[in-house]
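*Asks:* I would like the atomic coordinates for the input below:
(one chain, ligands or ions: 1)
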Amino acid sequence: MRSNYHSVYFEISGFCNARCSYCHSGVQRPDKARFVSPELFRDVLYRLLAKNIICDKTVISLYNWGEPTLNPKLGEIIGVINDLGLRYAISTNASRIPTINYDFVRNLDHMIFSMPGFSQEAYDRIHGFKFHEIISNIDRIIRECRQHGYKGRFSISYHVYRFNVDEMKTCESFADDRRIRFNPYFAILNHWWEINDYIKGTLAPDRRAAAERDLFTLEGVHQVLRSAPKTRYRCPQNDYLNIDENGQVVTCCQIARDHPDYACGNANTDNLNVTLNKKRYQPVCGGCIRSGLAYYLNTALKRPSFYRPSIRQRITLLSLNLEKLSFSNLTKYAIKIAAKIRQQ
Ligand SMILES: C[S@@+](CC[C@H](N)C(=O)[O-])C[C@H]1O[C@@H](n2cnc3c(N)ncnc32)[C@H](O)[C@@H]1O
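*Replies:* Below you'll find the predicted structure:
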């Protein structure tokens, strides 16, 4: 049996309150979605630990499509993480502030703030929240975590759309002021059925036009599909274990809930050997790899080549990395950074 997955994504909330027009969970409200119970969460993790599928170094990311801070039992769920001696990560739209105390930060590995731009106009187009409230929530979350002794990494995942390129540097400066990582990458059409329709040419014309207007990642998609490695392509999704709030082991992070190959088995009740083996040989995977879609989806989330990090951002990254690096790696890293700065 496969052991020690690099990453585990455990959906603790099947719902999201953001209205992201290019994300599955913003467009559709799934039928069977619910919040994970602390009991199911504990049972599944306990089973994975007992079978050596995860270990105490595994970071459990408490999201896939949903908004983790909506789960009313988030505190108890983090209590399970603490009891089992695991570490966890959160990605949030920052519309809600969770209860932050010592237990919350104790095993927090990192926290991501997802942002669709840095203005009310951008938020009106994508998330639908009040921008000033999000900014104030991010500030409060950072402050309270640090007050409780958290020294780990915060980062902003800035989704780059054609309409928010001009706002990137203001957001970076916001990150620099707070000594947090600014991580811009291209937004994708984060919707299984729509990206498949787009590729086949069957996406509704108005939807297609809007997506092409807003997203960089549809430009040249057919070329990427044609040139993608197809034989012997090892989909990186094999290294991720994805579990939904019902305990189902999900085929990959992109597949839709109403796809017939969505789940491989239940991590709480089914034989884990069989379930994890099935995950590697789902019928949908062959077609996804042969069409080049797997390659496209795994490579589209790129950092824009036109983005140049500020000096303050480089220093922030350097200081965040310092703790992790050995002396020899540190020297190599410093040389690399110095060379990059000289190039500019
Ligand atoms: C669907 S979100 C769910 C977690 C949480 N609600 C959030 O907003 O971060 C999961 C991850 O997908 C990323 N994401 C969401 N929409 C995206 C898009 N259109 N393109 C690229 N990444 C996206 C987010 O930054 C987040 O890290």
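*Asks:* with adjacent residues omitted, what lies nearest to Phe10?
*Replies:* Among residues not flanking Phe10 along the chain, Ile243 sits closest, at 4.9 Å (Cβ to Cβ, 6 or more residues apart in numbering). Every residue, glycine included, has its C-beta placed from N, CA and C.
*Asks:* for the one you found, what are its contacts?
*Replies:* Contact analysis of Ile243 by Cβ atoms under 8 Å, 6 or more residues apart in numbering lists 8-11, 44, 249-250, 267.
*Asks:* so which bits of the stretch 1-150 of the chain are right by the ligand?
*Replies:* 16, 20, 22-23, 25, 63, 65, 67, 91-93, 112, 114 (Cβ under 6 Å from any ligand atom).
*Asks:* am I right that Pro249 is in a helix?
*Replies:* Check again: residue 249 is Val, not Pro. No - assessed with DSSP: H, G, I helix; E, B strand; the rest coil, Val249 is strand; it does not lie in a helix.
*Asks:* now do the strands in the stretch 101-250 of the chain.
*Replies:* Ranges of strands within the stretch 101-250 of the chain are 108-115, 153-160, 181-186, 240-243, 248-250, based on DSSP state E, counting those that start in this stretch.
*Asks:* what's the domain layout of this protein?
*Replies:* The chain breaks down into these domains under automatic domain parsing: 7-307, 308-344.
*Asks:* most proximal residue of the stretch 201-344 of the chain with respect to the ligand?
*Replies:* Per Cβ to the nearest ligand atom, Leu301 is where the stretch 201-344 of the chain lies closest to the ligand, at 5.8 Å.
*Asks:* which helix or which strand is home to that residue?
*Replies:* Under the criterion DSSP states H and E, no helix or strand holds Leu301.
*Asks:* what about Ile112, how many residues nearby?
*Replies:* By the criterion of other Cβ atoms under 10 Å, Ile112 has 19 neighbours.
*Asks:* state the pLDDT value of it.
*Replies:* At Ile112, the predicted lDDT confidence score is 98.
*Asks:* likewise for Pro98?
*Replies:* With respect to pLDDT, Pro98 has a value of 98.
*Asks:* before we move on, what SS does Leu318 have?
*Replies:* For Leu318, the assignment made with three-state DSSP gives helix.
*Asks:* and it, how far from Asp109?
*Replies:* 20 Å (Cβ to Cβ, to the nearest Å).
*Asks:* and Phe154, by the same measure?
*Replies:* When distance is defined by Cβ to Cβ, Phe154 is 11 Å away from Asp109.
*Asks:* more crowded one of these two?
*Replies:* Neighbours around Phe154 and Asp109, counted as other Cβ under 10 Å, are more numerous at Phe154. The numbers are 21 against 16.
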